[in-house]
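In: this one's sequence-less:
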């Protein structure tokens, strides 16, 4: 085995059958005669890939739970922002919007160092630090004396809150083999996609009934409760860190200073110093964006869809308050349209992703390729433009309120069908550095999600609901051919521009 860090290395090609699965990983084993420390055997229970299914599910649920709270915080404040503006005497729409989207700017910077740090010190410690950092800044937001302080506190809360979103992909790569990652990713992705929808529903009622500051007190209580549970139940899952700990224990117990982790030896170099490891790790997300065209292209495509989502969000509350006479609390319920779309799309992907991979692997003589995750994107991308035309024109002409709400659903279904395959694809391409690959995706889409909605109010003021949403629909329509290009040329681009992350 030449690359010990990639635990998805194939072990021959099984004969093609209807149920062929990607070749089972060959895990590096201990060989004390050569001074190499790895797993005790292929079935070593200490290897996270060999954990019992119940334990894997527990760890997945733990990180999924905090991954729901963090995106919830991104949008829960949105319906209550007007109450904050009244208290602080701020009525500029752009500034009020920025106090909401600044949280996503924290999502842009956080992944660039949280992901590589987790690949140096382990998932558990970095996740814990990020969680408590997120929780602590909720106190600052709840007690903010002015909008400037609130913006700063929200930014830092976003840096901590992105920890679970960044590290979730890494934990999935640590725990699950290729043929089970589609379902695992679907469960974990509930948070990042459902949280921003549930947030306005809850935030509208909270802001209206007990005040905007209680949005942050509630986030504090929920975040702290889940973080305590994570502290008690969470376990380290990153194989290189586990083997590094094992190497240190064996070196001490056997009184041998020649022992080396198999993951440190995989590149043929001596183990790096902490400074070297940090420098190398912090470059990985940027290297993937700069040197991997396929990661950059997929990240850009995801960012466009993410930006359209948040532009969508900029009108929902005002439309249902001003056009349909909903209260602040009830206007949050309008987000159920897109939320139901998300749930429908998630269910479709969860039930089909791994099955499609198995069938395509069988047709390919048992050889798995990451691009097998992408074909479903072609269908789902066609649903994205529908909502903008449906919602925009029905709202403009004051059609019965249920019509624009139903019109949001196709976008939710389509976005899930695009988001999930891309997320799983980068995990399959870079399993040893899944957190860094996911950080590259998260950073770019969060930057777009933070800044693009600031243009929303002026755009809709100029074009109106009908043509403003139609413009977004035409943009989504222009990107429909993109998944076809990914399916046709994705493998060629990935293989032509490999990224060496150990240099």
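Out: Cool, got the structure. Since we're looking at a predicted model, the values are computed, not measured.
In: Torsion angles phi and psi at residue 174?
Out: Dihedral angles phi and psi of residue 174 (degrees, to the nearest 10) take the values phi -70, psi -40.
In: Could you count how many residues lie near it?
Out: 26 (other Cβ atoms under 10 Å). Where you see a C-beta, it was placed from the backbone N, CA and C, and this is true even at glycine.
In: how close does the residue lying farthest from the centre of the chain get to residue 346?
Out: Distance from the centre of the chain peaks at residue 255, with 43.3 Å (Cα atoms, centre = their mean). Residue 255 sits at a distance of 53 Å from residue 346 (criterion: Cβ to Cβ, to the nearest Å).
In: Repeat that for residue 182.
Out: 11 Å.
In: So for these two, which residues contact both of them?
Out: Residues touching both residue 182 and residue 346 by Cβ atoms under 8 Å, 6 or more residues apart in numbering: residue 420.
In: Neighbour count: the two, which is higher?
Out: Neighbours per residue, other Cβ under 10 Å: of residue 182 and residue 346, the larger number sits with residue 182, 27 against 22.
In: Check whether the more buried one really touches residue 357, as I assumed.
Out: Yes - if you go by Cβ atoms under 8 Å, residue 182 and residue 357 touch, sitting 6.6 Å apart.
In: what residues are shared contacts of those two?
Out: Common neighbours of residue 182 and residue 357 (Cβ under 8 Å, 6+ apart) are residue 373.
In: middle-most residue in the chain, spatially?
Out: residue 165 (4.6 Å).
In: The host helix or strand of that one packs against which elements?
Out: Under the criterion of DSSP states H and E, residue 165 resides in helix 147-175. Packing partners of helix 147-175 (3 or more Cβ pairs under 8 Å, 6 or more residues apart in numbering; DSSP states H and E): helix 53-75, helix 81-88, helix 93-121, helix 123-142, helix 181-188, helix 190-209, helix 409-429, helix 434-451.
In: Which of those sits closest to residue 350?
Out: Closest to residue 350 of these, according to Cβ to Cβ: helix 181-188, at 3.6 Å.
In: what distance separates that closest one from the centre of its chain?
Out: In terms of Cα atoms, centre = their mean, to the nearest Å, the centre of helix 181-188 is found 11 Å from the chain centre.
In: Kindly report the same for stretch 493-502.
Out: Centre-to-centre, stretch 493-502 and its host chain are 22 Å apart (Cα atoms, centre = their mean).
In: For burial, what's the neighbour tally of the closest residue to residue 397 other than its chain neighbours?
Out: Distances taken as Cβ to Cβ, 6 or more residues apart in numbering place residue 466 nearest to residue 397, at 7.9 Å, with adjacent residues excluded. Residues lying near residue 466 (other Cβ under 10 Å) number 18.
In: On the three-state scheme, residue 466 is what?
Out: Put simply, residue 466 is helix when judged by DSSP: H, G, I helix; E, B strand; the rest coil.
In: I'd like the distance between it and residue 331.
Out: Counting by Cβ to Cβ, the gap from residue 466 to residue 331 is 20 Å.
In: What of residue 206?
Out: Counting by Cβ to Cβ, the separation of residue 206 from residue 331 is 13 Å.
In: do the same with residue 368
Out: To residue 331, residue 368 is 46 Å away according to Cβ to Cβ.
In: How confident was the prediction at residue 2?
Out: With respect to pLDDT, residue 2 has a value of 36.
In: Pull the number of nearby residues for the nearest residue to residue 468 once chain neighbours are set aside.
Out: With Cβ to Cβ, 6+ apart as the criterion, residue 468 has its nearest non-adjacent residue at 4.3 Å, and that residue is residue 460. Residues lying near residue 460 (other Cβ under 10 Å) number 21.
In: my read is residue 460 is in a helix, agree?
Out: Yes - membership of residue 460 in a helix is supported by three-state DSSP.
In: Against residue 34, how distant is it?
Out: Computed as Cβ to Cβ, the residue 460 to residue 34 distance reads 66 Å.
In: And residue 239, by the same measure?
Out: Distance from residue 239 to residue 34, by Cβ to Cβ: 19 Å.
In: more crowded one of the two?
Out: Ranked by neighbour count (other Cβ under 10 Å), residue 239 and residue 34 place residue 239 first, with 26 against 12.
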